[in-house]
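**Q** Got a predicted structure plus its sequence, pasted below:
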Amino acid sequence: MERAAWYRERVPLLLKRVWVFAYVCFAWIFFRAASLSDALLVVRRIFTGVWSSPAIPALMVLLACLVWLYESLYESRVRPVLAHGLVRVCLAAAMILYLCLFSAGGGAFIYFQF
Amino acid sequence: MTTLTREPETPTIQEPPFGVNEMRLDARQWVAVAAIVLGFMFLAPRLWKRVERFEPGPDYRIPYALSSDYWLYQRRIDSLSDPSVVPVLGDSVVWGEYVRPEGTLSHFLAAESSASGGRTRFANCGVNGVFPLAMEGLIDHYAGSLRDRKVIVQCNVLWMSSPKADLSAPEEETFNHPELVPQGFGKVPCYRADAATRLGYVAHRNLGFFAWVSHVDDVSFDQMSLPKWTLQQDDRDPPGTPNAWTNPLRRLTAAVPGEPANDPQRGPRSPRHRPWNARGTKPQHFEWVNPAKSLQWQAFQRTVRLLRDRGNDVMVILGPFNEHMVAEDQQPQYRGIRDSIAAWLTDNRIAHVMPDTLPSEEYADASHPLTQGYDDLAKRLLNDPAFATWLNTAR
């Protein structure tokens, strides 16, 4: 599509990104599904199922936004700030603490009767 | 004609970029990261203790839903600074599976003792589902502050009533509190967790920070990690995710939750609070495990030794097992096990009481008394010369 002039020049950048994102997600269905029939079932349901909230949690949105923000800043003029040692140390510590704080499994206590 | 040939330029070798998310740290920076992480791990649980209100009353017991919250258990044990309070350790028999907090052994011991002019108080330090192998881990890692005081430990022979209950059966078994049992391969035959899980449990037990994280998850996020909690589905069809856009910070309360005011599962009004034979249950045959080979009994012995090594004056209450539930032809075998336990306690000069079995209608099952049963048991213990002597001997 990049070879087509109308796509390169007329389609807004945001729309291109949304399209690529949707395309990659669609391809992942076939990558992730256990079998081709499972993948086709998912595809069929996307177009025939009842539309409901995708239930994307705010935490996931926040994490995705943080990654995008980091990448945007990395490609901007503030890149030297991100390269600063103190910032890197703080970011690495924050990532490790996130894993320590939020990766525990847990599970309701259930009494196994003998 | 001469041709000028140019030497090809040697390409300058540049370090390939690490990637768009470049996050390389040098050794000094890694040390700084470790310092920040370790500092947070050290300070966060201690600061949390100052913020979170925890006021255990006289009949306090760890809420059922928080039975795996070992950080809270440690806090409970640490709160027993008054030497006149005697902690009562044990499983759900001490905790009171079928009764309300004011219907437990520790409650009646305190009430009866107070009625006869005594000033000793008793603290319910039982945990639901803790068998001796787990209690060993619990006492070892989370009850280090139990030192130089009188301690009562209940010994429940139910854990030797079958290879399955003893955890010595070779078949894989799912059981309560796997975090607390010995994590070495082969030590508990029916325990088949993989190495990563076992290492995780070892880290949990030895780094208080992770026990604190579990505590916050247990108390604030319905015993789930925050990411799991945000994805929790409700019972609707199609299922909804009510927590997806809920502010998790609002779930952080500055108080440890207590038991529900009216627990429908426990207390005299509960349909479960009935004699064991009211549902037509008959005396049963148990697959008793020989104490010499019992993993649970060995763990109990180690636990008592550990408590004594910490300077505690230990009193073991052997029972109250529901002997009415043991088939007639198995009574000698049961008594043999009970007597061999008592013999070991005597040989090791450990104070112990072996109260007679309670009336049949005062048991809910093989080992749990009903409210009246706990009342009777407390009276029997306080009237037992060995118990009274132990209780009244100054440390």
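**A** On my side now, so go ahead.
**Q** contacting residues around whichever helix or strand B:Ala196 is part of?
**A** Secondary-structure assignment from DSSP states H and E places B:Ala196 in helix B:195-206. Around helix B:195-206, the neighbours that count as contacts under C-beta atoms under 8 Å, 6 or more residues apart in numbering or on different chains are B:137, B:141, B:178-180, B:183, B:185, B:193, B:210-211, B:214. Heads up, the C-betas are built off the backbone N, CA and C, glycines and all.
**Q** near chain A, which residues of the stretch 1-150 of chain B?
**A** Proximity of the stretch 1-150 of chain B to chain A, by C-beta under 8 Å from any C-beta of the partner chain, involves residues B:20-25, B:29-30, B:32-33, B:36-37, B:40-41, B:64-68, B:92, B:128-129.
**Q** Please pick the buried ones from these.
**A** Those of the residues of the stretch 1-150 of chain B next to chain A that meet the buried threshold are B:29, B:32-33, B:36-37, B:40-41, B:64-68, B:92, B:128-129, by 16 or more other C-beta atoms under 10 Å in any protein chain shown.
**Q** Okay, domains of chain A per the record?
**A** Domains of chain A are assigned by automatic domain parsing as A:1-52, A:53-105.
**Q** so of the ones you listed, which one's packed in deepest?
**A** Ranked by mean neighbour count, the domains of chain A are led by domain A:53-105 with a mean of 13 (mean count of other C-beta atoms under 10 Å in any protein chain shown).
**Q** Does B:Leu80 touch B:Phe122 like I think?
**A** No - counting by C-beta atoms under 8 Å, B:Leu80 stays clear of B:Phe122, with 10.6 Å between them.
**Q** Tell me which of the two has more neighbours.
**A** Remark: of B:Leu80 and B:Phe122, B:Phe122 carries more neighbours, 25 against 19, as counted by other C-beta atoms under 10 Å in any protein chain shown.
**Q** List the contacts of that one.
**A** Contact analysis of B:Phe122 by C-beta under 8 Å, 6+ apart lists B:85-88, B:105-107, B:109-110, B:113, B:152.
**Q** B:Leu109 too?
**A** So B:Leu109 contacts B:88, B:122, B:378, B:381-382 (C-beta under 8 Å, 6+ apart).
**Q** Check B:Ser79 too.
**A** By C-beta under 8 Å, 6+ apart, the residues touching B:Ser79 are B:54, B:56.
**Q** 10 Å instead?
**A** Applying C-beta atoms under 10 Å, 6 or more residues apart in numbering or on different chains to B:Ser79 gives the contacts B:54-56, B:60, B:85, B:123, B:145.
**Q** swap in B:Thr393?
**A** By C-beta under 10 Å, 6+ apart, B:Thr393 lies in contact with B:150, B:313, B:351.
**Q** List just the nearest of the contacts of B:Leu109 to chain A.
**A** B:Val88 (19.5 Å; C-beta to the nearest C-beta).
**Q** The host helix or strand of that closest one - contacts with which helices or strands?
**A** Following DSSP H and E, one finds B:Val88 within strand B:85-90. Applying 3 or more C-beta pairs under 10 Å, 6 or more residues apart in numbering or on different chains; DSSP states H and E, one finds that strand B:85-90 contacts helix B:70-78, helix B:92-95, helix B:105-115, strand B:121-126, helix B:132-142, strand B:150-155, strand B:313-318.
**Q** and if we set it to 7 Å?
**A** The contact analysis (3 or more C-beta pairs under 7 Å, 6 or more residues apart in numbering or on different chains; DSSP states H and E) places strand B:85-90 against strand B:121-126, strand B:150-155.
**Q** Adjacent strands (with direction) for that strand?
**A** Strand B:85-90 has these partner strands in its sheet, going by DSSP bridges: strand B:121-126 (parallel), strand B:150-155 (parallel).
**Q** Can you add mean pLDDT and give those back as CSV?
**A** Formatted as CSV, these follow (pLDDT from 0 to 100):
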stretch, mean pLDDT
strand B:121-126, 96
strand B:150-155, 97
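**Q** what would the ones you listed look like in TSV with distance to B:Leu47?
**A** Formatted as TSV, the strands paired with strand B:85-90 follow (distance: least, C-beta to C-beta, whole Å):
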stretch	distance to B:Leu47
strand B:121-126	26
strand B:150-155	30
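**Q** Please enumerate residues in contact with the longest helix along chain A?
**A** Criterion DSSP state H: the longest helix present in chain A is helix A:13-32. Helix A:13-32 has contacts (C-beta atoms under 7 Å, 6 or more residues apart in numbering or on different chains) with A:39, A:42-43.
**Q** okay, that helix in CSV with CA atoms only?
**A** What follows is helix A:13-32 as a C-alpha-only set of coordinates in CSV (Å, rounded to 0.1, in the frame of the first residue of the first chain):
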residue,chain,number,x,y,z
LEU,A,13,-0.8,9.1,9.7
LEU,A,14,-3.2,8.2,12.6
LEU,A,15,-5.4,6.2,10.3
LYS,A,16,-2.4,4.3,8.9
ARG,A,17,-1.3,3.4,12.4
VAL,A,18,-4.8,2.3,13.4
TRP,A,19,-5.0,0.1,10.2
VAL,A,20,-1.6,-1.5,10.9
PHE,A,21,-2.5,-2.1,14.5
ALA,A,22,-5.8,-3.8,13.5
TYR,A,23,-4.0,-5.8,10.8
VAL,A,24,-1.4,-7.1,13.2
CYS,A,25,-4.0,-8.0,15.8
PHE,A,26,-6.0,-9.8,13.1
ALA,A,27,-2.9,-11.8,12.1
TRP,A,28,-2.2,-12.7,15.7
ILE,A,29,-5.5,-14.6,15.8
PHE,A,30,-4.0,-17.2,13.5
PHE,A,31,-0.7,-17.1,15.3
ARG,A,32,-2.3,-17.6,18.8
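**Q** rewinding a little: the inter-axis angle of the strand holding B:Val88 versus strand B:313-318?
**A** Strand B:85-90 runs at 40 degrees relative to strand B:313-318, counting by axes from the mean of the first three to the mean of the last three C-alpha atoms, to 10 degrees.
**Q** For strand B:85-90, the averaged confidence score.
**A** The average pLDDT for strand B:85-90 rounds to 97.
**Q** Could you say which helix or strand holds the residue nearest to the spatial centre of chain A?
**A** With distances taken as C-alpha atoms, centre = their mean, A:Ala64 lies nearest the centre of chain A, 5.6 Å away. For A:Ala64, the host element (DSSP H and E) is helix A:58-74.
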